[in-house]
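# Here you go, sequence then predicted model.
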Amino acid sequence: MELARRGVETTAIDCTAQKALRYYFGLDTSQDLLRFDASGEEPFAVSGVSLRDGHAPGEATEIAAKIENLRNRGGGAVIVDVASGDMALLDALLPIANLRVCMIDPGPVALNALIHLGQGVPLLDLERTALVLNLRDDTRKLSRHIHMLCNSAFAPLMIGSVRRDECVNEAVAKLDPLPKAYPASPALKDIEQLASRIMDRIATGVHEQEAAR
């Protein structure tokens, strides 16, 4: 929504079985979204974002190819929500992605999982990868320490954090987008900064790729 507000043509594709992405746009699962590979119809749009349903059985490489075709046809930004355990789709998307954004929670389990992120490649050597600390709570000692650790140990990859904010859950419960329900939400301010850093990171990556060619 923040990218769309800045004038970027934005499509969000939900590739998870839970279909949870639509809740953050004020929709529920009874409202069917246009399939990501459908053509000839106008997709459902909320706050300037075209929403598409991307969960489908089939080969991950085939799904990734269709998503790439959609991006090439429409231009702009295509954001794909991939389930954390769907490694086949993630591996198929990585070669065509400008940036992989990994959300991590401020807890020991999430930190331990980071060592598996690169599947054998050292974390700091990963290309086109960014980390975001989600649900940051500065009132809790462990959360503060993990925030400091991430900023020091993974500085090249860290692009921001989002504070724990009950406004997010309350907005979802009301089926209202966060900017509409709680425009003064602290988490929303964090997301605005995050959008800027994502755009900067993508622009830098594109320029580096062009220079390499």
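Alright, I've got the coordinates.
# what about the strands in this structure?
10-14, 34-35, 44-46, 49-53, 77-81, 100-104, 129-136, 158-163 (DSSP state E).
# how much space between K66 and A130?
25 Å (C-beta to C-beta, to the nearest Å). In short, each C-beta sits where N, CA and C put it, glycine included.
# Can you pick out the residue with more neighbours from the two?
A130 (21 against 18; other C-beta atoms under 10 Å).
# quick one, what contacts that one?
L99, R100, V101, C102, L157, M158, I159, R197, I198, R201 (C-beta atoms under 8 Å, 6 or more residues apart in numbering).
# For ChimeraX, what selects the buried ones among those residues?
Selecting only the buried entries of the contacts of A130 in ChimeraX, with 16 or more other C-beta atoms under 10 Å as the criterion:
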select :99,100,101,102,157,158,159,198,201
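# Tell me where the protein is predicted with low confidence.
205-213 (pLDDT under 70).
# longest helix in it, by residue count?
Assignment by DSSP state H gives helix 186-212 as the longest helix of the chain.
# Show me which residues of that helix are buried.
Under 16+ other C-beta under 10 Å, the buried positions of helix 186-212 are A187, L188, D190, I191, L194, A195, I198, M199, R201, I202.
# you'd agree Q193 is up against G160?
Yes: using C-beta atoms under 8 Å, Q193 makes contact with G160 at a distance of 5.8 Å.
# Can I get the strands of the chain in a markdown table including distance to D91?
Converted to a markdown table, those look like this (distance: least, C-beta to C-beta, whole Å):
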| stretch | distance to D91 |
| --- | --- |
| strand 10-14 | 17 |
| strand 34-35 | 22 |
| strand 44-46 | 29 |
| strand 49-53 | 21 |
| strand 77-81 | 13 |
| strand 100-104 | 11 |
| strand 129-136 | 13 |
| strand 158-163 | 22 |
